[in-house]
Structure formats: C-alpha cells, structure tokens
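Enquirer: Here's a sequence, model it:
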Amino acid sequence: MKKTIYILISLILLSIVSLVIYWNLPFEITRKSDIKYGNLLIENINSYKVENNKLPENDDWETLEKIGFKTEMLGTSPSYETDGNDEYEIIFLEGFDGPYLMWNSKEGKWKIGFPTIFTKNNKKQNYSEQKRTNQKINGNTVVFLRPSDEKFEDLKKEQGIYEVDSDFGFAIQRTIDSLKINPKFNDIKNEVYTERYIEIEDCRSCPKSIDRDSIYYGLILTATNKEIKIITNVQSISYIPIIEEYFK
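Expert: Predicted coordinates:
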C-alpha cells in the first residue's frame, strides 16, 4: 500500500513539475504549430498584396478563406485586422483577457501582446464625417457593442445569428443588473452602443478612435490612464468576473 502511495505522489509531483516547465518555455516552442499556421497566412496575405496592390479587407470572408483563414460567424480564426492601408495583424484570440499570440506586419515578428489596429483611425476616411458620428467615452466605463438595426439586417443571412444575438442580450442584461445593485460598481458607467465609431478620450495613450465595423458583439472596458480592453467573446452568462478583474 505504501509503495502505491509513493508511486501516486511521485506521479503527481512529476506532473506538476512538467507543467511548470512547460508554462515557462518560450512561446516559440509552446505555440509552434500556431506560428507555423500563421506564417502560412502571412505568406498568402503578402502574395495577395503583391497581386492586387492592396491588403484583403477585414470583411472579405471569401478572400480570407482562400488565403487560409477559418471563417466563423463573427469573423475569422485567427482574427485578422487591417487599418485599410499597409498594416495588418493576425491574433490568436483565446480566453477573455489576453495577452494573445499575435503578428503585427509593421513590427514583423510574433509576440505575446494585445491587438492595436482596431484602435487606429482609417487614414482614408473623411475626418469631418468621422468626427460627426463619433460617440465619446471617458472615465470608468463598460461599453456593450451590438450591431445597429441596419447592420443586423445584413447579418440575418448568417447561420445562428439570432442565437448569438439572444445569448449576448441575456449576458449584458444580467451584467447591467449586477452593476446596478452592487455598490462597488457605483463609479462604473455602462452604455450599449450600436454606432460604428467610438472615441475614448482619457485612457492611456488616448484619445483613441475605434472603428468597430467588424466587431458586431463585444465589450470595451476603459478607465482613466489605463489601457482599454476589448472583449469579443459572446456568451449567455454575466460578464461581471471580467469587469471585476479589469477594474480591481
């Protein structure tokens, strides 16, 4: 019996040590297969740019699928974002908070970090029009993102969109109810936005203008002098744990 116990303890200790060693390995080793897949996507994107003199559009699902992305209801896997000019990012979105495995074409290297391109202005956009439609946000705020009525009409052909919309609706209602009744959230504002352009005024590195045209559902968490966080995960349960972690 003692021998069996010693063997079990040894196996448990070995498993713990193995996990510790694995989690301390460089991401180039632990994420080798994702990086290999990502490098293939980069090669195909660059070939497309040479042939067409432009990058693929964020919502050109047919082209992105041909390039090698896996298309999903609300985007691609991994996520692809371009600023509409010469810069793009590939992000392996996993979990709520990040940081994520990602590639930025300007930096030209794989890293563990946070997406940045959706916080940049589109240089080709008419500035006066953008300024006229921007929704400005400041202070401790949770912004729930939903598609406008016009955008939802375009999405109706997407399989499962009604279920996604319903799940997200339940989640944000539960979250808003919890924010209202819990005193520790008294200084946190919450808004539901369907507008395309959002300007955050007082976060770290602000002001930032976000074009969320390809972010149909999600959350933006922002606080004074703190980096913003964008959540694109759709669920039916409350987002309170994520909000608590951000504002702690």
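
Enquirer: Report how many residues lie close to residue 237.
Expert: Using other C-beta atoms under 10 Å, the number of residues around residue 237 comes to 11. For glycine as for every other residue, the C-beta is placed from the backbone atoms N, C-alpha and C.

Enquirer: three-state assignment of it?
Expert: coil (DSSP: H, G, I helix; E, B strand; the rest coil).

Enquirer: cool, residue 103 as well?
Expert: strand.

Enquirer: Quick check: chain neighbours aside, which residue is closest to it?
Expert: Spatial nearest neighbour of residue 103, excluding adjacent residues (C-beta to C-beta, 6 or more residues apart in numbering): residue 90 at 4.5 Å.

Enquirer: Heading C-terminal from the helix or strand bottoming out on mean pLDDT in the chain, find the next helix or strand.
Expert: Lowest by mean pLDDT, DSSP states H and E among the helices and strands of the chain is helix 127-133, with a mean of 43. Following helix 127-133 in sequence order, the next helix or strand is strand 135-137 (DSSP states H and E).

Enquirer: what helices or strands is that following strand leaning on?
Expert: strand 197-200 (3 or more C-beta pairs under 8 Å, 6 or more residues apart in numbering; DSSP states H and E).

Enquirer: Convert the strand it packs on to CSV, retaining C-alpha atoms only.
Expert: The C-alpha coordinates for strand 197-200 follow below in CSV (Å, rounded to 0.1, in the frame of the first residue of the first chain):
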residue,chain,number,x,y,z
TYR,A,197,-17.2,54.9,-34.4
ILE,A,198,-16.3,55.3,-30.8
GLU,A,199,-13.7,57.8,-29.4
ILE,A,200,-12.2,57.1,-26.0
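
Enquirer: Need the residues that contact that strand.
Expert: Contacts to strand 197-200, defined as C-beta atoms under 8 Å, 6 or more residues apart in numbering, come from residues 130, 133-138, 143, 206-212, 220, 222, 228.

Enquirer: Which neighbours in the sheet does it have, and how are they oriented?
Expert: Strand 197-200 has the following strand partners under DSSP bridges: strand 135-137 (parallel), strand 208-211 (antiparallel).

Enquirer: Residue 28: which of those is closest?
Expert: strand 208-211 (30.3 Å; C-beta to C-beta).

Enquirer: Check which element follows the closest one along the chain.
Expert: strand 218-223.

Enquirer: Got the domain ranges for this structure?
Expert: 1-30, 32-119, 128-247 (automatic domain parsing).
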